[in-house]
Structure formats: structure tokens, C-alpha cells
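Asks: The sequence and its predicted three-dimensional model are supplied below.
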Amino acid sequence: AQKITQTQPGMFVQEKEAVTLDCTYDTSDQSYGLFWYKQPSSGEMIFLIYQGSYDEQNATEGRYSLNFQKARKSANLVISASQLGDSAMYFCAMRRGEIPYDKVIFGPGTSLSVIP
Amino acid sequence: DAGVIQSPRHEVTEMGQEVTLRCKPISGHDYLFWYRQTMMRGLELLIYFNNNVPIDDSGMPEDRFSAKMPNASFSTLKIQPSEPRDSAVYFCASSLAGGLNEQFFGPGTRLTVL
């Protein structure tokens, strides 16, 4: 069965510092996608970054990068130069590559607080 | 594009009443997902559709919950009868097919059952 684990229920980071949010996953599929979403206190779910299982390079999107270690089945999110607006819940998700059974499962989330 | 549209944004009802939540996916997306989010259980996938056909409804909690997608631009999630434990935020999301594509979420419906 597929599973996403986020072992850090809550994290604190000083403004302008970098922070790493952990995500490990379990799947027997060869083709899958890994995603990170941000949920601020206002409640909306915002897509941040994506990594495909066959991608050899780590994904980057602005201040976000994904540290993908396929053999270890980890997909950690790195936020550089943290800002106060980064305070939010962060969810790691995985999507199967097998259409139409490409359901998405989410981890329990990590609450990030950025301290001025 | 306007994004995923959900209505109502807030719903307060009394136990035993029927509740209908509505969703309009992004045009051209062939997948639609319904999620429920609570503090205790996190984000749970209830059901998802591909080309208007339900693919997996194993997350639907019980027979009181039903979902339909009569066409590519509209879906409903119905709870009948509602119970206080159904209080949650219900999200609808849509996407293109395949593991490469992210989901786009609607703003959610906050349901309170008294």
C-alpha cells in the first residue's frame, strides 16, 4: 500500500534562514509523481513544486527546492531565505503514474512557523 | 481560467438535514477529487472521478455520503442525513491525467452540522 510520512508535526525557523521539511514515501510503483502543497491559515491549498520519479535532477521553483533521494524514498522540501509569509501547513503528496488509478495520497502535514 | 469553483463556501445545518456541496472543475481537466479535512484525520480522499466516472470511492465514510458527476463541468457531494461528526472542510480538486500533473484545489466548503 502507498503511504506518505511526514515526521515533523511542527517546525520553527528564523526569518531569512533555510529550512528542510521531511517527507518519505512508500510505493512499489515505478512511475509516480511527488508534490508539495502549502496551506496558509486562510485555508486554500497552494501547489508549490513537483518531482517525477524518473527525473534525475532535483526540482526547483524559486525559493523552493526538492531534495529527491529515490533509493531512500525521500522527497524533502527545502525553503531558502524563509519569509514570514511562509508560515503555514505543508503537505507532501504522491500520485501514481498508472492512469486512471492515479489517485493522490497526502501526508499528515508539517506546521511551519517563521520567527521574525 | 477561474480555477476550481465550490459552493457554498460556508454551510451551517442541523443534524439530520441533507447537505449538497457543489464543484465546478477547471475546464479541460479530466479528473475530479473530493477531499475532507479535519484536525483529527487530516486530509482524506473521499472519491475521485476520471472522465465523469467514479474510479475509487473507498474513502467515502458510509452510505450517508454520495457523489455524482453528471457532466465534465459539475460534481456534487451529498450527505443525507448529516451528523455533527461530518463537520469539516470539504475540498474539491481537479487535474489532468497522470502522475505528472498537480491538482488544483477549490477554496473549500466549511460545513458545520449542529
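Replies: Okay, I see it. Bear in mind the structure is a predicted one, so any value in this text is a computation, not a measurement.
Asks: Now do the strands in the chain.
Replies: You didn't say which chain, so I picked chain A. Along chain A, the stretches classed as strands by DSSP state E are A:3-5, A:10-14, A:19-21, A:24-26, A:32-39, A:46-52, A:60-61, A:64-69, A:74-79, A:88-96, A:104-106, A:110-115.
Asks: sorry, should have said chain B
Replies: B:5-7, B:10-13, B:19-24, B:31-38, B:42-50, B:53-56, B:65-71, B:74-79, B:88-95, B:104-105, B:109-113.
Asks: how about those strands in TSV, adding mean pLDDT?
Replies: Formatted as TSV, those follow (pLDDT from 0 to 100):
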stretch	mean pLDDT
strand B:5-7	97
strand B:10-13	97
strand B:19-24	98
strand B:31-38	96
strand B:42-50	94
strand B:53-56	94
strand B:65-71	97
strand B:74-79	98
strand B:88-95	97
strand B:104-105	96
strand B:109-113	98
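Asks: in chain A, which helix or strand is least confident?
Replies: strand A:104-106 (a mean of 91; mean pLDDT, DSSP states H and E).
Asks: Pairing partners for that strand, with directions?
Replies: Looking at strand A:104-106 with DSSP bridges, its partner strands are strand A:88-96 (antiparallel).
Asks: Could you export the partner strand as CSV, CA atoms only?
Replies: Output of strand A:88-96 as CSV, limited to C-alpha atoms (Å, rounded to 0.1, in the frame of the first residue of the first chain):
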residue,chain,number,x,y,z
ALA,A,88,1.7,27.6,7.0
MET,A,89,1.0,23.9,6.9
TYR,A,90,3.0,22.0,4.3
PHE,A,91,1.7,18.7,2.8
CYS,A,92,3.7,16.2,0.8
ALA,A,93,1.7,14.1,-1.7
MET,A,94,2.3,11.3,-4.1
ARG,A,95,0.4,10.4,-7.3
ARG,A,96,0.6,7.1,-9.0
